[in-house]
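[1] When you get a sec, could you give me coordinates for this:
(chains A and B)
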Amino acid sequence: MTASPKSSLLTVDARTKKRNAAEKRFKAYGIVAIAIGLMFLVVLLTSILRSGLPAFTNTVVALEATVTQEDYDAAEGQLLKTAAYEALLVAKVNEFLTAQGSTIEVDEDFITDRLVPKTGATIREFYKANPDQIGQPVTFNLPASTRISRYFEGDLLREDVTDSRFLMVEDLDVVDEMIAAGLITTAFDWNFITGTDTAVDNPGGAGIGASVIGSFFMMIVVLLLALPIGVAASIYLEEFAPKNRLTDLIEVNISNLAAVPSIVFGILGLAVFIQFAHLPQSAPLVGGLVLTLMTLPTIIISTRASLKSVPPSIRDAALGVGASKMQAVFHHVLPLAMPGILTGTIIGLAQALGETAPLLLIGMVGYVAREYPDGIISGFVDSNSAMPAQIYTWAARADTGFYEKAWGGIIVLLVFLLTMNLIAILLRRRFERRW
Amino acid sequence: MKDLNLTEKSHLMSDTKISAKGVQVYYGDNHAIKDVNVDIEDKTVTAFIGPSGCGKSTFLRTINRMNDTIDICRVEGDILIDGEDIYDPAVDPVQLRAKVGMVFQKPNPFPKSIYDNVAYGPKIHGLARNKAELDEIVEKSLRKAALWNEAKDRLQAPGTGLSGGQQQRLCIARAIATSPEVLLMDEPCSALDPIATAQVEELIDELRQSFSVVIVTHSMQQAARVSQKTAFFHLGNLVEFGETDKIFTNPEDPRTESYISGRIG
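    Numbering: from 1, shown residues only, chains lettered A, B, ... in the order given. Below you'll find the predicted structure:
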């Protein structure tokens, strides 16, 4: 045997070098992985914001009109009441054009089909709601049609316009005059947030408000059902149930349920809640029930995990001073598990909030939510849409205006999801600090 | 009435507090305690010694039925406290545990205030009718556990913020707050430094005035210091039980002697 040469701590031997290199490589992989993840996130967010932000603004045409009492009475006396108001606007626009020295004259089709769709109804509703404004000059900011707003924003060029019932080339002359006079502007579209869905021919007026309410009622159902059922089931399984074949089977099946595709829950909801129990179609109540089924496994799994993470010494301590099992659980284990339970619940809710597939089958996708519910009960049982369903519906429509709205809807949905996650973090902090 | 109580008490004092008859404990197929018969006296400290895994902790936990929480654990034989079989189907383990307090190996205060830690037992057993009485119980228990002077100014501070030795004394205070008749201690000093150990040992000696104390320990010096009676367990058998002095100076069984002199363990 040869005596090994005396090693020095100042020189790094081959094995150590290799180990250090491996560690460095591993760190580099980690950094690359995180960088890729972040890059995707940035790309995703920028594309969502770029496509979605325009949905929050709209192009409005400011038209000033004075409706006198006689005009109002005459219009209300006619068969086609809205047409009378539109005629007023036609006169207004022609007046404006003459004042600008233009020779073009516009007709009613230009106003109602090509410049500002659905105007008559808007004006009529305004005067019905504010009769004191009759006789006063009122400026109406009317949302412009998709093509005109795209022309205003520069997305649509004059060369690309061919005459159609949506836009005539000569219309653009009128529009140019109006732009020059500052009558066409961009404004924040409150209607997108507070409004309801519209028919396919009016993307400008569509809003997500009604479906936000639909989602809200669904989440109430999910929270009221999934949280108590899930927490009670987890506490029983974790703390009280005997460990035997049956509970093993239940456990395995809960884990399996968590992996079941959500559309399966949708078809189950259709069969059980609508076809068998005859609950109303497209109702947030049914949506909530279906999403409860979907969320339960998530809540049960996370609750059990947080109950498991409470050290057994706490249970021993409570039992040791003569607490019953239930007292030990409710006085000591549950408060310690609370942050985990809340986080799990909110993450489950957030998942349910964004779920589209089950809603497809119970009729919430495709339902045009034109009205807000009348009250709390109507909010649960009347047909409504939900945010993801609304986004899906919009994305499927042909008009590019709706496509934009779909992206905007995604932003609204993301804002809600981020808010919920923020609440989860805040609650967790609050409850953890108590000890 | 009062006289009767006194005579009854004096009768108990001379009597055995806990009496185990033919106790067998199984963990599934594992026979952990083999036919243990022992009489533990009132107002004495009884130490259980023996190598790891010999069943001394298991036997201790059968005395307040903490083993009930382990599904696969089965107990046979009788354990009598004041002549009543604690494994009788009519006995509720919750009531039993109020009477037989327990202090665990690792200090395990509740993550609540010092006050709430001590007050929890009396609260759930309805031992105090009002806040003043509860305050009194808390103070008395903390005084008995030699923690009052250190804790009186910070009763609302979390119990988990105390040092290890203080935490263990808090756990002792919590255990004696329900005024148990028996106090079981499962290696109460194994997580403590020598100074804290000395404090807890001193405390055990004082607690002997009011309770029957049973302590499991790995330290033979500790057993010799604090106990009057010692039981030596080996492989699930109770090898020898007797006066501590005798066990340590003149054991009858060769296994006891080997263990004490450090040849088996």
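
[2] Show me what from the stretch 101-250 of chain B comes close to chain A.
    B:101-104, B:106, B:108-112, B:120-121, B:124-125, B:158, B:160, B:171, B:174-175, B:177-178 (CB under 8 Å from any CB of the partner chain). For glycine as for every other residue, the C-beta is placed from the backbone atoms N, C-alpha and C.

[3] any idea how far A:E23 lies from A:K17?
    11 Å (CB to CB, to the nearest Å).

[4] Contacts only, for the residue most central in space within chain B.
    Residue closest to the mean C-alpha point of chain B, counted by CA atoms, centre = their mean, is B:L184 at 1.0 Å. B:L184 is in contact with B:60-61, B:63-64, B:100-103, B:214-215, counting by CB atoms under 8 Å, 6 or more residues apart in numbering or on different chains.

[5] ok, now A:V200?
    A:397-399, A:402.

[6] run the last query once more with 7 Å
    A:397, A:399 (CB atoms under 7 Å, 6 or more residues apart in numbering or on different chains).

[7] Doesn't it lie inside a helix?
    No - using DSSP: H, G, I helix; E, B strand; the rest coil, the assignment for A:V200 is coil, not a helix.

[8] Which strand or helix spans residue 192?
    Assuming you mean chain A. Assigned by DSSP states H and E, A:F192 belongs to helix A:190-194.

[9] Can you look at chain B instead?
    Here B:L192 is assigned to no helix or strand, by DSSP H and E.

[10] Using the three-state scheme, assign the residue lying closest to it once chain neighbours are set aside.
    Spatial nearest neighbour of B:L192, chain neighbours left out: B:G165 (5.1 Å); criterion: CB to CB, 6 or more residues apart in numbering or on different chains. Assigned by three-state DSSP, the conformation of B:G165 is helix.

[11] got it, and B:D35?
    Per three-state DSSP, B:D35 ends up strand.

[12] Which residue comes closest to it once chain neighbours are left out?
    Excluding its sequence neighbours, the residue lying closest to B:D35 (CB to CB, 6+ apart) is B:G22, at 5.6 Å.

[13] what's the pLDDT at A:M219?
    pLDDT for A:M219: 94.

[14] Can you give the distance of the helix or strand hosting it from its chain's centre?
    Assigned by DSSP H and E, A:M219 belongs to helix A:209-235. Mean-position distance between helix A:209-235 and its chain equals 16 Å (CA atoms, centre = their mean, to the nearest Å).

[15] sec struct for B:A32, please.
    strand.

[16] My guess is it contacts B:V25. True?
    Yes - assessed by CB atoms under 7 Å, B:A32 is found in contact with B:V25 at 4.7 Å.

[17] Could you pull out the residues contacting both of those two?
    Taking CB under 7 Å, 6+ apart as the criterion, B:A32 and B:V25 both touch B:T58.

[18] which intervals of the stretch 1-150 of chain B have sub-threshold pLDDT?
    B:1-14 (pLDDT under 70).

[19] got the residue ranges for the strands in it?
    With DSSP state E, counting those that start in this stretch applied, the stretch 1-150 of chain B shows strands at B:16-27, B:30-41, B:45-49, B:73-81, B:84-85, B:100-103, listed in chain order.

[20] JSON lines for those, including distance to A:G288 and mean neighbour count?
    Converted to JSON lines, the strands of the stretch 1-150 of chain B look like this (distance: least, CB to CB, whole Å; neighbours: other CB atoms under 10 Å in any protein chain shown):
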{"stretch": "strand B:16-27", "distance to A:G288": "47", "mean neighbour count": "18"}
{"stretch": "strand B:30-41", "distance to A:G288": "50", "mean neighbour count": "17"}
{"stretch": "strand B:45-49", "distance to A:G288": "58", "mean neighbour count": "27"}
{"stretch": "strand B:73-81", "distance to A:G288": "44", "mean neighbour count": "17"}
{"stretch": "strand B:84-85", "distance to A:G288": "54", "mean neighbour count": "13"}
{"stretch": "strand B:100-103", "distance to A:G288": "47", "mean neighbour count": "27"}
